[in-house]
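*Asks:* quick one: sequence and predicted model below, then my questions.
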Amino acid sequence: MKCAKFNVGDKGQRYETHYIHVDTKEDLVFGWSNEPDKLAAAADLMPSAESTYTLDRETKHEWTITRFLRNAPFCRVCGIVRLASEKNKPCKGPTKMRGMESSLTTEESK
Ligand SMILES: [Zn+2]
């Protein structure tokens, strides 16, 4: 996938920014950078981008920033907040969801 304006090529940079296409819901690569939020901010401005995330190829976290929480990127997989040092431990994968329902209907699973 090429992006004429921002494609800087995959030269093994740590961060790979993806975006979800607003119509097709495809997960597309936007570009690569050694700065985690640099390309995500640009990708987020595209009308065709429904959402964006940046894969940290070192730790496998998928960092997400929102318009409201620009300074608190978190992993959309495990939910951990990114350290300013960028030295989070590797992603442990999806957190086990314990929804409100399970704590309210305690007898149902028996
Ligand atoms: Zn994670």
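*Replies:* All right, it came through fine.
*Asks:* Trp32: how many residues sit nearby?
*Replies:* Taking other C-beta atoms under 10 Å as the criterion, the count of residues near Trp32 is 21. Where you see a C-beta, it was placed from the backbone N, CA and C, and this is true even at glycine.
*Asks:* ok, and for the helix or strand where it lies, which residues are buried?
*Replies:* For Trp32, the host element (DSSP states H and E) is strand 27-33. When burial is assessed from 16 or more other C-beta atoms under 10 Å, strand 27-33 yields the following buried residues: Leu28, Val29, Phe30, Gly31, Trp32, Ser33.
*Asks:* what's it packed up against?
*Replies:* strand 15-21, helix 38-44 (3 or more C-beta pairs under 8 Å, 6 or more residues apart in numbering; DSSP states H and E).
*Asks:* packing partners for the last one?
*Replies:* Contact here means 3+ C-beta pairs under 8 Å, 6+ apart; on that basis helix 38-44 packs against strand 15-21, strand 27-33, strand 49-56.
*Asks:* paired strands for the second one, with orientation please.
*Replies:* Sheet partners assigned to strand 27-33 using DSSP bridges are listed as strand 15-21 (antiparallel).
*Asks:* what does the strand it pairs with contact?
*Replies:* Contacts to strand 15-21, defined as C-beta atoms under 8 Å, 6 or more residues apart in numbering, come from residues 10, 26-36, 38-40, 43-44, 46, 48-57, 63.
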